[in-house]
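Asker: The sequence isn't on hand, but the structure is:
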């Protein structure tokens, strides 16, 4: 029973009201946020918890790619990028991709510049 959680989705301007729902004679724990199939949802569907989780994961990958850029060739760096960075960004993007804070997630340009050894002040355009 400890795996059963209750989340009430409401707009942010609605007042809080508890939901006394019982399941198998037990009252499930009410949560403000939960993780469902890799998506971090909060009760207002604002995607803030998912974006924060994703930013943490992407910053770790970015650090690793920066360290590896001095050791690996471009093909291997590209494989690392698509396996670890691109896959995180694209996972369930159809749900969270239209959020107001999505610009924080799209660090692809910065990562590509690191992979290619391009200065952060140099443009990626030809």
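Answerer: Nice, thanks for sending it over. Remember, it's a predicted structure, so these values are computed and weren't measured experimentally. Numbers count the residues shown, from 1 in each chain.
Asker: how many neighbours does residue 58 have?
Answerer: Applying other Cβ atoms under 10 Å, we find 20 residues neighbouring residue 58. In short, each C-beta sits where N, CA and C put it, glycine included.
Asker: Same question for the one 3 residues further on.
Answerer: Close neighbours of residue 61, defined as other Cβ under 10 Å, add up to 20.
Asker: Over to the one 3 residues further on?
Answerer: Applying other Cβ under 10 Å, we find 13 other residues in the vicinity of residue 64.
Asker: Sticking with it, tell me its helix or strand.
Answerer: Here residue 64, judged by DSSP states H and E, is contained in helix 48-68.
Asker: how about that helix: buried residues?
Answerer: Within helix 48-68, the residues scored as buried using 16 or more other Cβ atoms under 10 Å are 49, 50, 51, 53, 54, 58, 61, 62, 65.
Asker: In contact with the second one, which residues are there?
Answerer: Put plainly, it is residue 50. The neighbours of residue 50, taking Cβ atoms under 8 Å, 6 or more residues apart in numbering as the test, are 39, 40, 41, 96.
Asker: what's the helix or strand for the second one?
Answerer: Put plainly, it is residue 40. Assigned by DSSP H and E, residue 40 belongs to strand 39-42.
Asker: show me what contacts the residue nearest the centre of the chain?
Answerer: Nearest residue to the geometric centre of the chain (Cα atoms, centre = their mean): residue 54, 2.4 Å. For residue 54, the contact set (Cβ under 8 Å, 6+ apart) comprises 88, 89, 105.
Asker: Would you mind putting those residues into JSON lines with neighbour count, pLDDT and secondary structure alongside?
Answerer: JSON lines is the format used below for the contacts of residue 54 (neighbours: other Cβ atoms under 10 Å; pLDDT from 0 to 100; DSSP: H, G, I helix; E, B strand; the rest coil):
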{"residue": "88", "neighbour count": "17", "pLDDT": "86", "secondary structure": "helix"}
{"residue": "89", "neighbour count": "18", "pLDDT": "84", "secondary structure": "helix"}
{"residue": "105", "neighbour count": "18", "pLDDT": "78", "secondary structure": "helix"}
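Asker: Contact partners for the spatially closest residue to residue 85 that is not a sequence neighbour?
Answerer: Spatial nearest neighbour of residue 85, chain neighbours left out: residue 61 (4.9 Å); criterion: Cβ to Cβ, 6 or more residues apart in numbering. Going by Cβ under 8 Å, 6+ apart, residue 61 touches 84, 85, 88, 111.
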